[in-house]
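S.K.: can't give you the sequence, but here's the structure:
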């Protein structure tokens, strides 16, 4: 196999062009493209996707985080959090609902007494065409259509 200096420089140039094109492609699609040259240089790391963690490692990390939180709070980390019952939904009590209902009824009654209920102004009535205007418009449109039919017939 004859490897001259010219062939080597040409190969290096092609490799640079390929890597530049791969870089453009990865920026275009927002991810990394995989290539054989990059895979070999990367030291056997797989590209793309999420790294998987074993359950044991996750448990260790969670225990360390709990210990940090406990240290910050000033409690011991060994005590596991107490199992809580189902969370009570916070809502209105019957008395609160009744009080709210009465206040709203009073507000509505006051509004009705003050000004007839509706606060918005009545919408303006649209102005329509008069009979004469409608007739004039109709005649103009008929004349336009007749001119179009006449022009289409000449073609």
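M.R.: That came through fine. None of these values were measured; they are calculated from a predicted model. Numbering: from 1, shown residues only.

S.K.: helices along the chain, start to end?
M.R.: Assigned by DSSP state H, the helices in the chain fall at 5-29, 36-41, 55-73, 94-115, 131-154.

S.K.: what's the least confident stretch among those?
M.R.: Set side by side, the helices of the chain give their lowest mean pLDDT on helix 36-41, at a mean of 48.

S.K.: okay, the helices of the chain in TSV with mean neighbour count and distance to residue 125 next?
M.R.: For every residue, glycine as well, the C-beta is placed using N, CA and C. Supplementary listing: the helices of the chain in TSV, determined by neighbours: other Cβ atoms under 10 Å; distance: least, Cβ to Cβ, whole Å:
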stretch	mean neighbour count	distance to residue 125
helix 5-29	11	58
helix 36-41	10	73
helix 55-73	11	68
helix 94-115	10	22
helix 131-154	10	17
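
S.K.: with distance to residue 86 as added columns, please give those in TSV.
M.R.: Below are the helices of the chain laid out as TSV (distance: least, Cβ to Cβ, whole Å):
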stretch	distance to residue 86
helix 5-29	46
helix 36-41	51
helix 55-73	23
helix 94-115	21
helix 131-154	70
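
S.K.: which among the ones you listed is found nearest to residue 49?
M.R.: The minimum distance between residue 49 and these falls on helix 36-41, with 13.8 Å, by Cβ to Cβ.
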